[in-house]
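In: What follows is a predicted structure for the sequence shown.
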Amino acid sequence: MWTRLEPYKSSFVLLFALIVGGLLGIYAPTYAIKLQPVGQIFLNLLFMIIVPLVGVSVMSSIAGMTDLKRLGRIMVVIFIVSIAMALIPAAGIVLLALWYNPAQGVTIDLSHSVKGGSGEMDFVSMVTTSDFVGLFSKSNILALIVIAIIAGVAIGQSADAGRRIAALLQDANTVIMKIVSIIMQMAPVGLGCYFAATMASQDAALLMTFARAIGLFMAATLIYYVLGSIFYSWIGGGIPAVKAFWRHAIEPSATALGTCSSLGTLPVTLRAGKAMGINPEIVDVSIPLLVNLNKGGVAMIAALKIVFIYSVLGLPFTSETFFLAMLIAVLSAIIVGGVPGGAFLGEIFIVTTLGLPMEAIPLLVVLGTITDAPATLINVIHDLNAAQIVERFAGKKRTEPQASAPLAADGIAG
């Protein structure tokens, strides 16, 4: 039993720290407020590593795609499918959350002034800066991502010089990931202290707000897992594709829930895709890319976080905010979600883009931590659906399902 729980160990530790911090903030607010500097140190360390983390990770990833011409049409379809599979669940969860109101009218008063991002957002300033120095600010993450993508493409097209730079970026990325892992050792203490200080002056009813938001996400995930998978498989190949999908969906689903890692589930996903009868060439090319680009679960929780925090802070959720939320959800799924260590980057990305107070980050981390497993399930299982769609629209002839034993029982297929 303990072996099965091992993949969840870090999540349990972080959740325990947040729970302890929350209880401390509620029942010992005077002491909890004194812990705020400890939490602030942790958050500042994260902020300090954000710029090199995003810049190097994105450039390294794009530069590694050395033969873009060979990917051709497959790459185009993958990007279109990834965007669509981010928009659909994000829009759905926003509409559900606006109807259900996960914050249930609870409003908190944070020490920093709150500036809604919908009415005064400057799109040009969001995606560009007036000079290079501006890229070193965490407030210009979008601009950094844009220039990192351009630089990555340039590196990939620069022959031997590009290969040398790409190798250097990979080494730099390894070092940065080690720095992130060192910083994350402080996560339970840092976030626990910061959350304790934040909760010290908040309404205890906020805890029920978490329960409502998390319950909504779990229910939406279950519905989307079943109906979304059927819909996407049908697009990919009609009823035969739907049946082939459900015959082989159990093992990757269980692995995703057990590991909470799309990358860790990749070997099982590749095997399941081939067993479903998808052309092996499509599977081998598309699924590794989809693991990094197609993260519908990330888009869902990012969109829910935005509705949740706007409701908690008492901010109006306008039509402009809705479209901005869709943009953030897509970018979170395709770019931020693919950056190692992106779990906390996602919260920082939301808060800085929308101009919200930094105290909102621990609140969003609670949602992200608890919903990690179901979000990973959506990420992984819809990679298989996406591969079916890519196969159809890339013009590849379907192959018959492999004669090997099914990965899982046929019971789910009915």
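Out: Okay, I see it.
In: Mind pulling up the pLDDT for Val242?
Out: The per-residue pLDDT reported for Val242 equals 92.
In: let me fix that: Trp234
Out: On the pLDDT scale, Trp234 gets 95.
In: for it, helix, strand, or coil?
Out: Under DSSP: H, G, I helix; E, B strand; the rest coil, Trp234 falls in the helix class.
In: got a list of what it touches?
Out: Ala241, Val242 (Cβ atoms under 8 Å, 6 or more residues apart in numbering). For glycine as for every other residue, the C-beta is placed from the backbone atoms N, C-alpha and C.
In: what number of residues lie near Asp160?
Out: 7 (other Cβ atoms under 10 Å).
In: just checking, what packs against the one helix or strand it maps to?
Out: Element membership of Asp160, judged by DSSP states H and E, is helix 159-184. Counting contacts by 3 or more Cβ pairs under 8 Å, 6 or more residues apart in numbering; DSSP states H and E, helix 159-184 is packed against helix 36-63, helix 141-156.
In: Met199 touches Gly22, doesn't it?
Out: Yes - at 4.9 Å, Met199 counts as touching Gly22 under the criterion of Cβ atoms under 8 Å.
In: Which of the two has more residues huddled nearby?
Out: Neighbour count, other Cβ under 10 Å: between Met199 and Gly22, Met199 has more, with 27 against 24.
In: what's the closest non-adjacent residue to the more buried one?
Out: Distances taken as Cβ to Cβ, 6 or more residues apart in numbering put Gly25 closest to Met199, at 2.9 Å, once the chain neighbours are dropped.
In: Next one: the one you found relative to Leu168, how far apart?
Out: 45 Å (Cβ to Cβ, to the nearest Å).
In: what's the answer for Asn279, then?
Out: From Asn279 to Leu168 the distance is 36 Å (Cβ to Cβ).
In: Also Leu289?
Out: Taking Cβ to Cβ, one finds Leu289 at 23 Å from Leu168.
In: Those two - which one has more neighbours?
Out: Leu289 (21 against 14).
In: ok, and what's touching stretch 13-33?
Out: The contact list for stretch 13-33, computed with Cβ under 8 Å, 6+ apart, reads 35, 187-189, 191-202, 204, 207, 362, 365-366, 369-370.
In: SS state for the residue nearest to Met199?
Out: Going by three-state DSSP: Gly25 is helix.
In: Quick one: neighbours of it, just the number.
Out: 25.
In: before we move on, what about Leu87?
Out: Applying other Cβ under 10 Å, we find 18 other residues in the vicinity of Leu87.
In: Go through this structure and flag its longest helix.
Out: helix 68-100 (DSSP state H).
In: Nearest approach to Arg271 belongs to which of the helices and strands packed on helix 159-184?
Out: helix 36-63 (24.2 Å; Cβ to Cβ).
In: in what helix or strand does the residue nearest to the spatial centre of the chain lie?
Out: The residue lying closest to the centre of the chain (Cα atoms, centre = their mean) is Val298, at 3.2 Å. Applying DSSP H and E as the criterion places Val298 in helix 296-313.
In: tell me the mean pLDDT for that helix?
Out: Mean pLDDT, helix 296-313: 89.
In: what does stretch 256-276 give?
Out: Stretch 256-276 comes out at a mean pLDDT of 75.
In: now the end-to-end length of it.
Out: Taking Cα to Cα, to the nearest Å, stretch 256-276 runs 18 Å from one end to the other.
In: What are the boundaries of the helices in the stretch 301-414 of the chain?
Out: Assigned by DSSP state H, counting those that start in this stretch, the helices in the stretch 301-414 of the chain fall at 319-334, 342-354, 360-370, 372-393.
In: No further queries at this time; thank you.
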